[in-house]
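[1] A structural model of the following input is requested.
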Amino acid sequence: MKKFSTKALVLTALFAAVSIILSRFLVIYITSSARISFGMIPIILTSLLLGPIAGGLAGGLADFLGATLFSPLGWYPPLAVSPILVGILPGLLKPLLLKKVNLGRIGLVVFCSEFLVSIFVTTTILSKLYGTGYLQLLTVRGPIALGVLVVNSLLVYLLYKRLVKVSL
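    Modelled structure (predicted):
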């Protein structure tokens, strides 16, 4: 098992902190179960730059600290599965999809990690938590997740290209 360098740990914590700010303070709530947030961008970048373990750690840490410190509802462990998966999947998909980096390939990585997790995993967990039907939640969350996917893909692409150039 590869050990994390101090630089990798600091970057993971930094990306988790940025994720907390984006997902807890710069968020638009549509309903109690649907929101527009860009907090997954730093998690995806962590995974692409530092690997799936760092990405999963950043996702879990951001979810736990963000919910514990800044949510009136507190931390709900089943919902932590989503940011952890969003942190792991890009790092696993990178060798398969990002041999050549372009907007379409980054969009595919973001789709596979964020959109599919948001639609299937998070919506299922929220459905059970609120006692609401899955399809009922999906009709509200689906279009929002699709719109956020487009913006996130573009932002991840621009930031990833910039960060790779400065070689974090």
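[2] could you measure the most centrally placed residue in the chain against residue 165, distance?
    What sits nearest the mean C-alpha location of the chain, by Cα atoms, centre = their mean, is residue 40, with 2.8 Å. Computed as Cβ to Cβ, to the nearest Å, the residue 40 to residue 165 distance reads 22 Å. Every residue, glycine included, has its C-beta placed from N, CA and C.
[3] from what I can see the residue nearest to the centre of the chain touches residue 18, true?
    No. In this structure, residue 40 is not within contact of residue 18 by Cβ atoms under 8 Å, at 11.0 Å.
[4] Mutual contacts of these two, please.
    Between them, residue 40 and residue 18 share no contacting residue under Cβ atoms under 8 Å, 6 or more residues apart in numbering.
[5] Contacts for the strand or helix carrying residue 69, please.
    Residue 69 belongs to helix 52-70 when assigned by DSSP states H and E. Outside of helix 52-70, the residues within contact range by Cβ under 8 Å, 6+ apart are 4, 8, 11-13, 15-17, 19-20, 23-25, 39-40, 42-44, 46-48, 73-76, 79-80, 82-92.
[6] ok, of these, which come out buried?
    4, 8, 11-13, 15-17, 19-20, 23-24, 39-40, 42-44, 46-48, 79-80, 82-92 (16 or more other Cβ atoms under 10 Å).
[7] which SSE is residue 75 in?
    Using DSSP H and E, no helix or strand contains residue 75.
[8] Next, count neighbours for the residue nearest to it when sequence neighbours are not counted.
    Closest residue to residue 75 apart from its sequence neighbours, by Cβ to Cβ, 6 or more residues apart in numbering: residue 67 at 4.0 Å. As a burial measure, residue 67 scores 20 neighbours (other Cβ atoms under 10 Å).
[9] mind listing what's buried in stretch 99-118?
    101, 105-110, 112-118.
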